Every structure is written in structure tokens, then in C-alpha cells.
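>>> Model the structure of this input:
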Amino acid sequence: MAITRRSFLKRGAISGVTAATIMTGTSKVAASIAAEEEYGTIIDLTKCDGCVNYDTPFCVSACQEKNRLNFPEPEKPIMDYWPQTVHEDWSDKRDLTDRLTPYNWTYVQHIEVEDKGKKVTVHIPRRCMHCDNPACAGLCPFGVNNKMPEGPVIIDTDICMGGAKCRDVCPWEIPQRQAGVGLYKKIAPKFAGGGVMYKCDLCYDLILKGEEPACVSSCPKGAITFGLKKDLQDYARNWAKDKKGYIYGDIENGGTSTFYLSLVPFKAIDKALKEQEVDGKPGRPTMEVGIKNSLEEPANIAKGMVVAPIAGVMAAGLSAYKIMQGGSDNEDNEA
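Numbers count the residues shown, from 1 in each chain. Below is the predicted model:
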């Protein structure tokens with residue numbers, strides 16, 4: 001992502017909005033930068049079959065192929081930063097497709113759910129929910145997580161320091177960290193950051209070109225729908241009412257741009273996910289119904305009042321550093 005003088009000023013303005021909104025208690029970071037056309041997705045679990053007859057689900061393969069050039073290439077040996085004695089390195093596990101990693105931004109969970117006395121198989125594509133008011137953006141100490149006007153929540157990997165605050169405050173622990181890459185290695189490799197955080201950006205570059213995200217266009221069952229968020233939200237609510245079904249993502253974490261549809265209650269789905277073990281641990285991410293946005297908690301609002309101004313300063317400083325190191329400043333060439 002190129003940093004121009006305009007984007008430098010915009011970053012500072014957004015950081016200022018973040019600070020102001022958190023300090024007033026509204027914590028609606030995205031409100032002042034909302035676009036006329038905000039996009040989202042519907043994931044219909046009644047249509048998704050998990051591509052069980054294939055080695056890898058189509059949405060996963062398409063996501064990996066689309067983002068291959070964006071995957072991290074760490075410098076080795078990887079140095080641990082003080083006071084840490086371990087680091088997160090997924091570079092030798094790039095073939096993993098059954099969980100989120102810096103090299104796999106979407107995957108499909110397969111579960112057996114008890115519903116109305118029957119066992120039901122449910123397949124759940126998982127990736128970033130692209131929240132309306134993302135806590136990851138509001139509490140990022142480096143100001144590199146942003147809710148874009150078109151709907152996606154993206155991480156500026158060029159200046160991410162890998163602090164993982166975004167993962168800490170995400171209800172679904174979506175962002176994943178890769179050590180040995182990123183700006184921290186140039187600034188303070190022994191004392192700051194831990195790499196770079198990676199996650200789904202909803203194929204933001206394709207959206208800007210008027211195209212669908214790769215997971216949408218690749219799904220053979222048409223289980224993932226892309227469109228204007230308001231239209232999708234209206235459809236999802238009507239669908240749930242007409243079919244006596246359920247929506248997930250409409251209110252969770254304060255609302256998101258991703259709406260899951262299911263005929264099985266999400267409380268039952270969440271229970272099954274929590275009982276499922278992956279590598280000896282509960283399956284994740286889970287789907288807790290009605291989970292609250294951490295920015296709505298008084299203690300976290302207080303933290304945000306402190307972090308947001310720092311984020312503004314850090315974001316501006318990191319952007320300036322990038323420009324000085326050779327980042328483009330296209331505005332100088334504009335007429």
C-alpha cells in the first residue's frame with residue numbers, strides 16, 4: 001500500500017476521529033468515514049457443503065492463489081524480541097488449510113450439531129467478519145488497522161509492528177502473526193513488535209475495481225454472496241423471518257459486514273464448535289451469539305482514550321518513516 005502525502009494526512013485524520021469518538025463514549029470509528037456504498041457478504045450455511053469431495057475447499061484455494069504475492073517471506077534465523085523468548089513462525093506450515101495462518105486467510109470448519117434430536121452436519125467458512133466498528137482498529141497502538149469506506153477492515157502490513165492487539169480484542173481471534181518480517185526489524189528488532197499481522201481484506205483491490213472477492217466468485221454452490229451491505233442485511237433478515245432461520249453477524253460485536261444464514265440455531269453451532277478439539281484445544285473461532293464489542297466495555301473505552309492519541313502519533317510517524325525510506329509520494333507529481 002503506497003503512502004502519499006494525501007494518505008498521510010488522511011491517516012492522521014482517521015486517527016483523530018478514533019480518539020475523539022472513543023473519548024465521547026460513542027466508539028463509532030467508522031461512522032465519520034462511511035461510504036455511500038458499503039459492501040458485505042452473506043454466507044449461506046444451507047448451501048455450503050464444505051467441498052468435502054475435494055482436498056481443499058474452493059474458497060480456500062481461491063483465497064490462497066489470490067493473495068500468494070502478499071504472503072510474508074521472513075528473514076531467518078528469526079530473532080526473538082525482548083522480553084519474549086518465543087515467536088510465531090508459520091513459514092514452514094504454508095500448506096495448512098484447516099485453520100487461519102498468515103498464509104491461509106480463510107478456512108472451513110466442519111462440525112456435527114445436535115438439533116431437534118437429530119445430528120446435522122454444518123460447514124462454516126471462516127475469515128474476518130469486517131466489523132462495523134472494529135475494536136482492532138480502535139485499539140491498535142500503531143494505528144494500522146482501518147475500516148475502509150467500502151466496508152473491509154484492512155491491516156497496513158507495510159507499517160504493522162505485529163503487536164497482536166488486534167487479535168487480542170477480536171472476538172474470533174482472526175488476525176495471525178508472522179515473525180521475522182515487517183518494519184519492526186528496521187526500527188527496533190530487539191525491543192518492539194513481533195512481526196506482522198495478516199488476515200482477510202475481502203479482496204479490497206478487487207472491490208475497488210468493481211469485482212467480487214475471490215472466495216465469492218470461486219464457490220461452486222453459490223453459498224457466498226457479495227453486494228451492498230444494506231441490501232444483504234435486508235435479505236438476511238427477511239430470509240430468517242420467512243424460513244424461521246437464524247442470522248449471525250447482524251448484531252455480533254456491534255454489527256458486521258458478514259451475515260451467516262442457518263436453519264440450525266447458532267447457539268447449537270457455537271456449543272459444537274467449543275466442544276470440538278483442534279490440536280488438543282477447543283475449536284476456534286467459535287460463534288458466540290450476541291457477543292459484545294470490547295470497545296463498549298467501560299474499561300476498554302478508558303484504554304482507548306489512552307491508546308487512540310498514541311495511535312495517531314505512531315501512525316503518522318511510521319508513515320513518515322516509510323516515505324523517507326523511499327515510499328512513493330505521488331501527490332508531488334499531481335497537477
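>>> what's the pLDDT at the nearest residue to residue 263 once chain neighbours are set aside?
In this structure, residue 263 finds its nearest non-sequential neighbour in residue 245, 4.9 Å apart by Cβ to Cβ, 6 or more residues apart in numbering. (C-beta placed from N, C-alpha, C; glycine too.) Here the pLDDT value assigned to residue 245 is 98.
>>> Residue 245 reaches residue 260, doesn't it?
No: the pair residue 245 / residue 260 is not scored as a contact, 10.2 Å apart, by Cβ atoms under 8 Å.
>>> And these two? Which one has more around it.
A side-by-side neighbour count of residue 245 and residue 260, using other Cβ atoms under 10 Å, places residue 260 first with 25 against 17.
>>> thinking again about what came up before, how far away is the residue nearest to residue 263 from residue 80?
Taking Cβ to Cβ, to the nearest Å as the measure, residue 245 falls 48 Å from residue 80.
>>> in the stretch 51-200 of the chain, which spans are helices?
58-67, 135-138, 165-169, 184-187 (DSSP state H, counting those that start in this stretch).
>>> Nearest to residue 251, out of those?
Of all these, it is helix 135-138 that lies closest to residue 251, at 15.1 Å by Cβ to Cβ.
>>> CA atoms only: put that closest one into PDB for me.
Provided in PDB are the C-alpha atoms of helix 135-138 (Å, rounded to 0.1, in the frame of the first residue of the first chain):
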ATOM      1  CA  ALA A 135     -12.200  -2.900  18.100                       C
ATOM      2  CA  CYS A 136      -9.000  -4.000  16.300                       C
ATOM      3  CA  ALA A 137      -8.900  -0.600  14.600                       C
ATOM      4  CA  GLY A 138      -9.900   1.400  17.700                       C
END
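>>> Give me the helices and strands touching it, please.
Other helices and strands packing on helix 135-138, by 3 or more Cβ pairs under 8 Å, 6 or more residues apart in numbering; DSSP states H and E, are helix 5-23, strand 145-147, helix 165-169, helix 298-324.
>>> The second one pairs with which strands?
Strand 145-147 has these partner strands in its sheet, going by DSSP bridges: strand 153-155 (antiparallel).
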